[in-house]
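*Asks:* Could you work out the structure for the sequence below:
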Amino acid sequence: MIVLVTGGTRGLGLGLSEAFLGEGHDVVVCGRSEPGSLPSAPAGDRAATFVAADVRDPDQVDALLRTVVDRHGRLDVLINNAGGSPPADAATVSPRFVAAIITLNLVAPFVVSQRANEVMQKQAEGGSIINISSLCGLRPSPGTAAYGAAKAGLINLTESLAVEFAPKVRVNCVTSGALETDELHSAYGGDAYFEAVAATVPLGRMGRPPDVAKACLFLASEGASFITGANLLVHGGGDDPPPVTGQG
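*Replies:* Predicted coordinates:
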């Protein structure tokens, strides 16, 4: 399969890319700037290819999809992973900041999904789109209200696109709890943050990128051929991050 992972060079995106590469798939990753190293399969015999693209810019999204099709002739799986938000006080945050967060976490996945659907509808086998949402979209998101609202919208968008893009293209969502990534570690207080979150998770630990990657591998597989419009929760039973954060 040809798999496109937005924001696929670090954090969860890196884990997703490595998982699909490890299963023998061809992976294309995109980001605003080329990383120092590209995701590769655990065996080291397979690496992703990189295309520079800011998914917030529709023209760059168009160029991204053209490049994928020109190189590989098709697109089988899109994973809308790019997203995130720094903490911000809802009482004082600027409208410009709010618009930027909603654009990255909701509008961009909508546009990339549109363009991917155009490609997949022409393929005999269709395709699969997987949106990465957050537990913040299902519960209060103090500290990142715009992010939580956008992720809630992404879950609803998944359900709508699943109906509109059927039967050729399946659209599903994976909603993740807070994950152990270097980015989250450095942004939200290090080990103390991880320990505080893990203490609230029924399964006794925070999630890790491979946990989400396994869910995406399933949703992209033939085993999920009758699953569309679903929101698969990968959160260990739920977490309750300290109020200073809201991402996870």
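*Asks:* going forward, measure contacts and count neighbours with C-alpha atoms only.
*Replies:* Noted.
*Asks:* now L135, nearest residue through space, not along the chain?
*Replies:* G177 (5.3 Å; C-alpha to C-alpha, 6 or more residues apart in numbering).
*Asks:* contacting residues around that neighbour?
*Replies:* Counting by C-alpha atoms under 8 Å, 6 or more residues apart in numbering, G177 touches 134-135, 206-207, 234-236, 238-239, 248.
*Asks:* Filter those down to the buried ones, PyMOL style.
*Replies:* In PyMOL, a selection of the buried entries from these looks like this (16 or more other C-alpha atoms under 10 Å):
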select buried, resi 134+135+206+207+234+235+236+238+239+248
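*Asks:* Can you add pLDDT and secondary structure and give the contacts of G177 back as JSON lines?
*Replies:* Converted to JSON lines, these look like this (pLDDT from 0 to 100; DSSP: H, G, I helix; E, B strand; the rest coil):
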{"residue": "S134", "pLDDT": "95", "secondary structure": "strand"}
{"residue": "L135", "pLDDT": "93", "secondary structure": "helix"}
{"residue": "M206", "pLDDT": "84", "secondary structure": "coil"}
{"residue": "G207", "pLDDT": "85", "secondary structure": "strand"}
{"residue": "V234", "pLDDT": "95", "secondary structure": "strand"}
{"residue": "H235", "pLDDT": "91", "secondary structure": "coil"}
{"residue": "G236", "pLDDT": "88", "secondary structure": "coil"}
{"residue": "G238", "pLDDT": "84", "secondary structure": "coil"}
{"residue": "D239", "pLDDT": "80", "secondary structure": "coil"}
{"residue": "G248", "pLDDT": "41", "secondary structure": "coil"}
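*Asks:* now the contacts of G177 as CSV including distance to M1?
*Replies:* Output for the contacts of G177, formatted as CSV (distance: C-alpha to C-alpha, whole Å):
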residue, distance to M1
S134, 26
L135, 29
M206, 30
G207, 26
V234, 24
H235, 27
G236, 29
G238, 32
D239, 34
G248, 29
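*Asks:* Now the residue nearest to L135. Its backbone dihedrals?
*Replies:* G177 has phi and psi values of phi -80, psi -170 when expressed as degrees, to the nearest 10.
*Asks:* Please read off the pLDDT at it from the model.
*Replies:* As predicted, G177 sits at a pLDDT of 87.
*Asks:* rewinding a little: looking at the contacts of G177, spot the one nearest F110.
*Replies:* S134 (16.2 Å; C-alpha to C-alpha).
*Asks:* Surely that closest one touches I155?
*Replies:* No: the criterion here is C-alpha atoms under 8 Å, and S134 misses it with I155 at 9.1 Å.
*Asks:* Give the residues shared as contacts by the two.
*Replies:* Residues touching both S134 and I155 by C-alpha under 8 Å, 6+ apart: none at all.
*Asks:* for this protein, what spans make up the strands?
*Replies:* 2-6, 26-31, 49-52, 77-80, 127-134, 169-176, 231-234 (DSSP state E).
*Asks:* could the ones you listed be laid out in JSON lines, adding distance to G15?
*Replies:* Converted to JSON lines, the strands of the chain look like this (distance: least, C-alpha to C-alpha, whole Å):
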{"stretch": "strand 2-6", "distance to G15": "10"}
{"stretch": "strand 26-31", "distance to G15": "12"}
{"stretch": "strand 49-52", "distance to G15": "15"}
{"stretch": "strand 77-80", "distance to G15": "12"}
{"stretch": "strand 127-134", "distance to G15": "13"}
{"stretch": "strand 169-176", "distance to G15": "13"}
{"stretch": "strand 231-234", "distance to G15": "15"}
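*Asks:* Can you tell me which helix or strand of this structure has the lowest average pLDDT?
*Replies:* The weakest-scoring helix or strand in the chain, judged by mean pLDDT, DSSP states H and E, is helix 182-187 (a mean of 61).
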